[in-house]
Each structure stands twice: as C-alpha cells, then as structure tokens.
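Participant: let me see the structure of the following:
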Amino acid sequence: MNHRLHRWSWMQTLVLVFFSSVLMAAQTPQDIEINDEPGVRDIEYPEWFSETFLDLREDLEEAKAAGKTGIIIYFGQKDCAYCEALIKVNFGREKDIVDYTRKNFYVIAINIWGSREVTDMDGETLTETEYSEKEKTHLTPTLLFYTEPDARPFVLRGYYPPYKFRAALEYVVDGYFKKETLRDYMARADPPGKFDVADMVEESFFESPPYALDRSHFPAEQPLVVFFEQHDCHACDILHSDPIRDPVVQRMLGNFDAVQLDMWSDTPVVLPDGNKSTAKEWAEKLGIFYAPTLVFFDEGGKEVMRVASVVKLYRLRGILEYVLKKGYLTSPTYQRWREEQQNSTPAE
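Facilitator: Purely as a prediction, here's the structure:
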C-alpha cells in the first residue's frame, strides 16, 4: 500500500511538472528565428488579404459595413526577412491571430516599390511608393490601423513577436486606444522576462550619468542614440547578446553618443532640446511602448528615426550606417536610401 501511494505521488508530481512547464512555455515570449542577411525569400500574401481598388476610404467603409473594427494597411516588400516572419508566423502558424485578424479587420497590402494608384485617407492619389514615403515607411513591415478615416490608433513599424502582436490587435478591437496609451496597455500585456538576470545589460560604449544630452545651443560632435530598455526584458537581452556583439556594429556605435535609459525610471535627463525631464517622462512623451527601442538624433538634437521592433544584425548595421552617413538628408526614408545605396554599388 505504501509503495502504491509512493508511486502515485511520483505520478502526480510528474503530471504537475509537465503542465507547469507547458504553462510557462505559453507565457514566455517565443524566440522567432529571423536571419535578415540579404537574400531571395518566398513571400506570398495570405489568400484572405483583401483585393481592392486601393481607395482606402471606401475600403474602410466596406469593412465597417461588414461589421469589422477597421482596416490594416500592410506595407511590405519582396525579400524582406521581417515581412516573411510576419506572414509566415503571425499570419501563418498562429491560427488564433489569423482568426482574430480576419474577424475584425480587412488587411490591404501595399508594395513599397509598387506603381499601383492609391487614394489615401486624405483623398490624395499616389503611387504605392509615394504613399509609402508619405507615411515615412522606414522599415518593413509597417502596419497602419484605421478605425475611422481620421482615427488611426497607432502604427506598428517593423516585426513584433506573436504575444506583442496579439496585444496590439486587442488594443484596437477592444477600444483601449480611446482611454489609454499603447505604452500603458503594452506594459500590462508584457509577460515577465525569460532570463534569470533582472538587471539591464551594460555596454562599454554607454555614457555614464548624469545624462546631459542638450544639443540646442551647440551641435554635438557625434549623433546620439538612446536605448530605451527595461528590467526583465528578454528582447533587450537578445539585442545585447546577438547583433550588438558584432565587431562592425561595435565600431559603428563608437561613432555615436550612446545612452541607455530604463524607460520606467525617474532617472534625471537633460533632453536634446535642453529641457529637463526623467527617463519615464521622456519615454512617455516619445510614445515608447516597446523595449528595446533605439531612438536616433542628429548632432543638433533632431530625431532622425527610431527602431521600436525586433532588429537583427543586417538591419541594425544598415540603420547605423544610414544615420552616420546622414542618408536622411538626401532620402525620404531609410528604405529609399538603402535601395539607392545598393543600386549605386558597382557590380562585381
């Protein structure tokens, strides 16, 4: 009898361990393998994407008449590793995301290099490329959410893992955008970090406090990059353990004034425009909702662009080069500058 009880207690323990591990796995952000090295990629839009005449006001009216929350405008391009992840993971294997998106939105695809005519929410007729540049599509994929012609709850620029993407969809569908910022909503939706180390990862190129970033009176000698991070941040740990370890990235970051801030802290900061604030207040003012977010400023303190999504080696290298070479002075978007750089490189 004692042997049976002992054997049963072990069986109960094994069952509890198994279900606990399943639950923990479900609550932990999945690592999405993205290799963003340039190459040919097979990306096909899902059959449930909407085929329209690209009159976006009419598309939104039709979506609302069909009982949808609104429309999502997807900006993408061929051979984009991050677009591939969105299409094959979030809009592919994640059935609950697919079902939820289809139930609540029409999704309309825009090719950032396309020539089809688009009539945007302002009534302006543009090519797909012109429309992409008007919307400052620095990164692909970019998703614009519309619930009304003059109501765009937010924009997602870049790739977000499924658990973040689900939260973004629910933020719009459940109407939370009407009563709180995406930043506050995402903070509640963000599960705990996977790594045991709670502290933020420090780098040798990060400047030490006090953080006097004022560039309003005299231009700085170098551009500025601010790393907005947080404790218990799995995505932050991945950034520091992967692309930032690259020797080329390390050398490029040496040409920036680099600062790391806890986006929820009361750390005092003198902003690039000379005003005094805290890291938390500044992050809120900038609308930072994703950690890590990298915000780039020129020598005069003007924001150039930001990366607020998953970023791997080749995209990070390209953005650092774009800022250091001041590509923003000659090209309307990072994507346009990158394309021009590739076309100007002599064939081997």
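
Participant: pretty sure residue 118 is touching residue 132, no?
Facilitator: No: between residue 118 and residue 132 there is no contact under CB atoms under 8 Å: 9.1 Å. Quick note: C-beta positions are derived from backbone N, CA and C, even for glycine.

Participant: the more surrounded of these two?
Facilitator: Using other CB atoms under 10 Å as the criterion, residue 118 and residue 132 rank with residue 132 on top: 28 against 23.

Participant: shared neighbours, residue 118 and residue 132?
Facilitator: Taking CB atoms under 8 Å, 6 or more residues apart in numbering as the criterion, residue 118 and residue 132 both touch residue 110.

Participant: which element follows the lowest-mean-pLDDT helix or strand in the chain toward the C-terminus?
Facilitator: One helix or strand of the chain scores below all others by mean pLDDT, DSSP states H and E: helix 2-27, with a mean of 40. Once helix 2-27 ends, the next helix or strand along the chain (criterion: DSSP states H and E) is helix 56-65.

Participant: now that next one: buried residues?
Facilitator: For helix 56-65, a neighbour-count test (16 or more other CB atoms under 10 Å) marks 56, 59-60, 63-64 as buried.

Participant: do the same with stretch 266-282
Facilitator: 267, 269-272, 277, 279-280, 282.

Participant: what residues does that stretch touch?
Facilitator: When contacts are defined by CB under 8 Å, 6+ apart, stretch 266-282 is touched by residues 209-217, 224, 228, 261-265, 285, 297, 301-302.

Participant: then stretch 105-115?
Facilitator: So stretch 105-115 is in contact with 45-46, 48-50, 52, 54, 56, 59, 62-63, 66, 68-78, 101, 118, 127-129, 131-132, 137, 140, 145, 169, 335, 339, going by CB under 8 Å, 6+ apart.

Participant: for the residue nearest the centre of the chain, give me its contacts.
Facilitator: Residue closest to the mean C-alpha point of the chain, counted by CA atoms, centre = their mean, is residue 309 at 2.2 Å. Applying CB under 8 Å, 6+ apart to residue 309 gives the contacts 82, 139, 156-160, 290.

Participant: out of these, who's the most crowded?
Facilitator: Neighbour-wise, the contacts of residue 309 (other CB under 10 Å) top out at residue 159, 27 neighbours.

Participant: would you check that that residue makes contact with residue 34?
Facilitator: Yes: counting by CB under 8 Å, residue 159 does reach residue 34; the two are 7.1 Å apart.

Participant: okay, and the common contacts of the two?
Facilitator: Common neighbours of residue 159 and residue 34 (criterion: CB under 8 Å, 6+ apart): 82, 85, 310.

Participant: would TSV of these with distance to residue 41 and secondary structure be doable?
Facilitator: Output for the shared contacts of residue 159 and residue 34, formatted as TSV (distance: CB to CB, whole Å; DSSP: H, G, I helix; E, B strand; the rest coil):
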residue	distance to residue 41	secondary structure
82	10	helix
85	10	helix
310	16	strand
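
Participant: nearest to residue 122 among those residues?
Facilitator: Nearest to residue 122 out of the shared contacts of residue 159 and residue 34 is residue 82 (CB to CB; 27.4 Å).

Participant: per-residue confidence for that closest one?
Facilitator: The score at residue 82 is 97. That number is its pLDDT.

Participant: show me the contacts for it.
Facilitator: 34, 36, 139-141, 158-159, 309-310, 315.

Participant: any idea of the pLDDT on the residue nearest to residue 158 when sequence neighbours are not counted?
Facilitator: Leaving aside its sequence neighbours, residue 158 sits nearest to residue 309 (CB to CB, 6 or more residues apart in numbering; 2.6 Å). pLDDT recorded at residue 309 is 96.

Participant: from residue 184, how far off is residue 309?
Facilitator: Here residue 309 is placed at a distance of 19 Å from residue 184 (CB to CB, to the nearest Å).

Participant: tell me the domain ranges of the protein?
Facilitator: 56-180, 211-344 (automatic domain parsing).

Participant: point out where the stretch 151-300 of the chain drops to low pLDDT.
Facilitator: 189-198 (pLDDT under 70).

Participant: mind listing the strands for it?
Facilitator: Secondary structure of the stretch 151-300 of the chain by DSSP state E, counting those that start in this stretch: the strands cover 155-157, 211-212, 224-229, 257-262, 268-270, 276-278, 293-297.

Participant: the fifth one pairs with which strands, and in what direction?
Facilitator: Here strand 268-270 has these sheet partners by DSSP bridges: strand 211-212 (parallel), strand 276-278 (antiparallel).

Participant: name the residues that touch the first one?
Facilitator: Spelled out, it's strand 211-212. Contacts to strand 211-212, defined as CB under 8 Å, 6+ apart, come from residues 259, 261, 267-270.

Participant: for the residues you listed, please prepare CSV with the additional fields distance to residue 241.
Facilitator: CSV is the format used below for the contacts of strand 211-212 (distance: CB to CB, whole Å):
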residue, distance to residue 241
259, 20
261, 20
267, 24
268, 29
269, 26
270, 31
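
Participant: and stretch 80-92, end to end?
Facilitator: 16 Å (CA to CA, to the nearest Å).

Participant: just give me how far that stretch sits from the chain centre.
Facilitator: Distance of stretch 80-92 from the chain centroid (CA atoms, centre = their mean, to the nearest Å) equals 13 Å.

Participant: and for stretch 303-315?
Facilitator: The answer for stretch 303-315 is 8 Å, by CA atoms, centre = their mean.
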